[in-house]
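Colleague: Please find the sequence and the predicted model below.
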Number of protein chains: 2
Amino acid sequence: MPSASRPYSSPAAVIDSDAMDSAAPAVTVESINPKVLGCEYAVLGEIVSHSQRLQHELQNKPGFHPFNEVCFFVFFCSLLQILGHSNFFSQKFIEILDSYWQILYFNVGNPQSLGQKAITFFREVLVLCDHPPLLDKSETRALFSGDAIARARHILDGVKGLRDAVAAGIASRDGFPANPDDIFLTDGATPAVHIIMQLLIRSEKDGILCPIPQYPLYSASIFLHGGSLVPYYLDESTGWGLEIAELKKQLDEARSKGITVRALVVINPGNPTGQVLAKENQKQIVDFCKSEGLVLLADEVYQDNVYVDDKKFNSFKKIARSMGYEDADLLLVSIQSVSKGYYGECGKRGGYMEVTGFSDEVKEQIRKVATVNLCFSNISGQILVSLVMNPPKIGDESYESFNAEKQGILSSLARRAKALEDAFNGLEGVTCNKAEGAMYLFPRLHLPQKAIEAAKVINSAPDVFYARRLLDATGIVVVPGSGFGQVRANA
Amino acid sequence: MPSASRPYSSPAAVIDSDAMDSAAPAVTVESINPKVLGCEYAVLGEIVSHSQRLQHELQNKPGFHPFNEVCFFVFFCSLLQILGHSNFFSQKFIEILDSYWQILYFNVGNPQSLGQKAITFFREVLVLCDHPPLLDKSETRALFSGDAIARARHILDGVKGLRDAVAAGIASRDGFPANPDDIFLTDGATPAVHIIMQLLIRSEKDGILCPIPQYPLYSASIFLHGGSLVPYYLDESTGWGLEIAELKKQLDEARSKGITVRALVVINPGNPTGQVLAKENQKQIVDFCKSEGLVLLADEVYQDNVYVDDKKFNSFKKIARSMGYEDADLLLVSIQSVSKGYYGECGKRGGYMEVTGFSDEVKEQIRKVATVNLCFSNISGQILVSLVMNPPKIGDESYESFNAEKQGILSSLARRAKALEDAFNGLEGVTCNKAEGAMYLFPRLHLPQKAIEAAKVINSAPDVFYARRLLDATGIVVVPGSGFGQVRANA
């Protein structure tokens, strides 16, 4: 290799093809990490890219499109959202979207602009912790509630650590103790998922059981960490049921291919499917993981979002403990986030994972990789998750106003969920399961054969074709259900 | 494989060794991802683990140790810090540490407890953006400065995006334009480093040139992403000089082993070495990267921390542009964070990377992986980085008090840097380079032969042995220099 003879200091040096072999390749999509290139992320896929182009065009050429704004369809809450695993295109559907959407601008800055107000008590405590000189000012008492001031002082004094507060909140939720040493405060739910994937996946021979349809974070994270996604299919015909027989079938099939399945992902309440698991079903899942030696990765970020009277959120830890299983009996990771629930503080990046059943040595490794990734939450996020798990109680000065805000948000979410569920089911060619929890409905749109064929002509999935048409015609962004791995029943 | 015949639902099922082959292995340190297990991170190594045990013991058995608190030695600022690549152990050294340390408790919560006060203007704006109802209250004008209120309204109105504000700040710093589309707002500097490593590293045949001694994030990130660290050694005898001949030598050597070197990491001002690069040296580095086709990964998080009159911070982008190089001439990533400088807002997790010279397609891949990792900053962190890059200007209501706070912090840092530099150099057996910038000194401690032998007996690196002795005797935590890759000159 002649590279030693090339002068490094001449800016005019031409790198000839011989030298190129030993030199660095130009940074092109062909020369980047193929795991990055190949990683698919539906909520940032071609439809979203196209919407950005449209937004750009609207700025430069007003009137060029039949709409004035590009809007993400935000489904009964404040997150970028997502609909449709098959296609249907009617004025009525557009009208339904139109009456429920909220506009999400690309430039972040004002969480209040998303329509859902932040919970006052939480923001008061955060602000006082952020700017403690306020605590000494006489005007402060007029601006902040007494219990928010007291809580801020309590946190600033460090009387009890934030992990202790989270553990206390979990214990009070479940009626079973929680250990602060099992709590990792994370920058939302996403880093928790990445850490567990990074920990468990050694090669493509390690597999993770994931629900389909799934939140695409899971497939993306497994892909980026070089593992294999082992799908199990939720049964749309039984309200997105999670059948143990299906889990077992997929597990055995993966094992027969030499895959070591290391964990089962369960999202409860479901994302993007919105179902809430029944207690008996959860018990079966716990036993399945226990007997098969799988880590149960319980995505429980929608624990405060249940909208039906006959269902109730139960944490998998509570289920396992109520079955008499102790710490060592089950490898369990429970993930929670401040982004969901009635709090909806996506922009704060706060969350935790509770890791039980793992040895201290393994937890030390988790701590190390969390530190290397610096994915511990920012301090406000840490404080916020401690507040979310310990909100005002009856008798506290803020309780009544806090509870009014909370119930207002939850009943609005429930009302919108039911209205949209009814609206979808009232449309010809659309069916939709019951909205039990989370923030999602995942309707099935039965597409005319002609549309399927038109999609085929341009080599596009039918639902991508539909979403693109919808966007071009109306400025509404929906993300195709195929991005969630959903099968096409009628294609 | 008999797994299909095993009942999954019986909690009492015993997994026999045959079944274990096809089943998941227990999650032990032996069965986790070896990249996680093998990843070393000096700032969370055995010394820090030991300090946590001591802290625990102090709580349970007061008086058991000859000290009452376990203290991280925090070197003239608010971050967990780090000293010593060889060993020396004297009462005088302890006294020096003693007079400069600051106590960092494990339980986060009160950033004010770290001694350095937050900049008032920044916190005022953050608080008003966090809790907009304050803007409508009559008491607010008494509690907040007028320009903070105006800035918060400006941000909340979304008149100009935060990336635009960052770009404007960069342009004003450099005197050359910056494009908002090149700015990625990140959760501090760390995720930016991980994203670039994840993008560039395809296998262990891809290498990254890193300074030694280095901030261990770089070695950890390269290891986790499966690449090769190609070291280049800073010359302690010339004030941690960065010699192009050394770069070239290491590059050629790596290439001769079949390594494709993809990027050069330069930390300026230096971490953990504290040197500030001269302009001429920076020009050589730019030309080197340009002619060798390397990405220049410029860690510029200490850009506001320069303490000597004859040195000035110049961004690599400014240097390249002043040499007449345009965007396409150099692959450059510049990283900035809100954690350093006079702002020191570690707990806020805010930062940006400015990515220039890359194609739109590659930037799209960066955006995708940043989204999958959800390592965009929390909103407060985003707002804060926009403020850091656009602080109050002369004539603004806050300017005088802002500037007094800023100069107070910077002169305190400079004073402490000089005092500690002098103190180290006044100690027998200790030498230390000049403190030019950043927040670090990296003294050389010349260890007695007996100590080196004693370390050898217990199979420990001499500096780890020293740090352990220091901790046990005084409760002071320092992290051994060998964790930064530094060579032992006298062992």
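Modeller: Happy to help now that I have it. Just so you know, these numbers come straight off a predicted model, no measurement behind them.

Colleague: now the strands: where do they sit in chain A?
Modeller: Applying DSSP state E to chain A gives strands spanning A:71-72, A:183-186, A:206-212, A:228-233, A:260-267, A:295-299, A:332-337, A:351-356, A:430-431, A:444-445, A:476-477.

Colleague: quick one: the fifth one to strand A:295-299, angle?
Modeller: The reference is to strand A:260-267. Taking axes from the mean of the first three to the mean of the last three Cα atoms, to 10 degrees, strand A:260-267 and strand A:295-299 form an angle of 20 degrees between their directions.

Colleague: Strand A:260-267 pairs with which strands, parallel or anti?
Modeller: strand A:206-212 (parallel), strand A:295-299 (parallel) (DSSP bridges).

Colleague: Deepest in the core, which of the ones you listed is it.
Modeller: strand A:295-299 (a mean of 27; mean count of other Cβ atoms under 10 Å in any protein chain shown). The C-beta positions use only the backbone N, C-alpha and C, and glycine is treated the same way.

Colleague: thinking again about what came up before, let me have the strands paired with strand A:260-267 in a markdown table, extended by mean pLDDT.
Modeller: Below are the strands paired with strand A:260-267 laid out as a markdown table (pLDDT from 0 to 100):
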| stretch | mean pLDDT |
| --- | --- |
| strand A:206-212 | 96 |
| strand A:295-299 | 98 |
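
Colleague: Pop out the phi and psi values for the residue lying closest to residue A:33 once chain neighbours are set aside.
Modeller: For residue A:33, the nearest residue in space outside its immediate sequence neighbours is residue B:202; the separation is 5.1 Å by Cβ to Cβ, 6 or more residues apart in numbering or on different chains. Residue B:202 adopts backbone torsions of phi -100, psi -30, taken as degrees, to the nearest 10.

Colleague: what's the burial count for residue B:202?
Modeller: Counted by other Cβ atoms under 10 Å in any protein chain shown, the residues lying close to residue B:202 total 20.

Colleague: Residue A:431 now?
Modeller: A count of nearby residues for residue A:431, using other Cβ under 10 Å, gives 14.

Colleague: gap between the residue nearest to it when sequence neighbours are not counted and residue A:417?
Modeller: Residue nearest to residue A:431 in three dimensions, not counting chain neighbours: residue A:444, with 4.9 Å by Cβ to Cβ, 6+ apart. Taking Cβ to Cβ, to the nearest Å as the measure, residue A:444 and residue A:417 are separated by 17 Å.

Colleague: With neighbour numbers in mind, choose between the two.
Modeller: Between residue A:444 and residue A:417, counted using other Cβ under 10 Å, residue A:417 has the larger neighbour count: 25 against 21.

Colleague: ok, that one - contacts?
Modeller: Listed by Cβ atoms under 8 Å, 6 or more residues apart in numbering or on different chains, the contact set of residue A:417 reads A:76, A:274, A:307, A:435, A:441.

Colleague: Grab the nearest non-local neighbour of it.
Modeller: Nearest to residue A:417 is residue A:435, by Cβ to Cβ, 6+ apart, at 3.6 Å.

Colleague: Kindly state the pLDDT recorded for that neighbour?
Modeller: Looking at residue A:435, its pLDDT is 84.

Colleague: Now do the contacts for it.
Modeller: Taking Cβ under 8 Å, 6+ apart as the contact definition, residue A:435 lies against A:274, A:307, A:417-418, A:420-421, A:441.

Colleague: Could you give the backbone dihedrals for it?
Modeller: phi -90, psi 100.

Colleague: domains in chain A, as residue ranges please.
Modeller: Using automatic domain parsing, the domain ranges for chain A come out as A:2-31, A:42-111+A:407-484, A:116-157, A:172-377.

Colleague: Next, the buried residues of stretch A:385-393.
Modeller: Applying a neighbour-count criterion of 16 or more other Cβ atoms under 10 Å in any protein chain shown, one finds A:385-389, A:391-392 buried in stretch A:385-393.

Colleague: Give me the contact status of that stretch with chain B.
Modeller: No - contact of stretch A:385-393 with chain B is not found when judged by Cβ under 8 Å from any Cβ of the partner chain; the minimum separation is 9.1 Å.

Colleague: Take the strands paired with strand A:260-267 and lay them out in TSV including distance to residue B:251.
Modeller: As requested, those are arranged in TSV below (distance: least, Cβ to Cβ, whole Å):
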stretch	distance to residue B:251
strand A:206-212	35
strand A:295-299	43
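
Colleague: wait, which of those is closest to residue B:162?
Modeller: When the strands paired with strand A:260-267 are compared by Cβ to Cβ, strand A:295-299 sits nearest residue B:162, at 29.8 Å.

Colleague: quick one: the closest one to chain centroid distance?
Modeller: What separates the centre of strand A:295-299 from the centre of its chain is 14 Å, taken as Cα atoms, centre = their mean, to the nearest Å.

Colleague: what about the closest residue to residue A:213 other than its chain neighbours, neighbour count?
Modeller: For residue A:213, ignoring the flanking residues on the chain, the nearest one in space by Cβ to Cβ, 6+ apart is residue A:484 at 3.7 Å. When neighbours are defined as other Cβ under 10 Å, residue A:484 has 24 of them.

Colleague: hang on, isn't residue A:484 packed against residue A:210?
Modeller: No - taking contact to mean Cβ atoms under 8 Å, the distance of 10.6 Å between residue A:484 and residue A:210 leaves them out of contact.

Colleague: that older thread, list buried residues within the contacts of residue A:435.
Modeller: By neighbour count, with 16+ other Cβ under 10 Å, the contacts of residue A:435 hold A:274, A:307, A:417, A:420-421, A:441 as buried.
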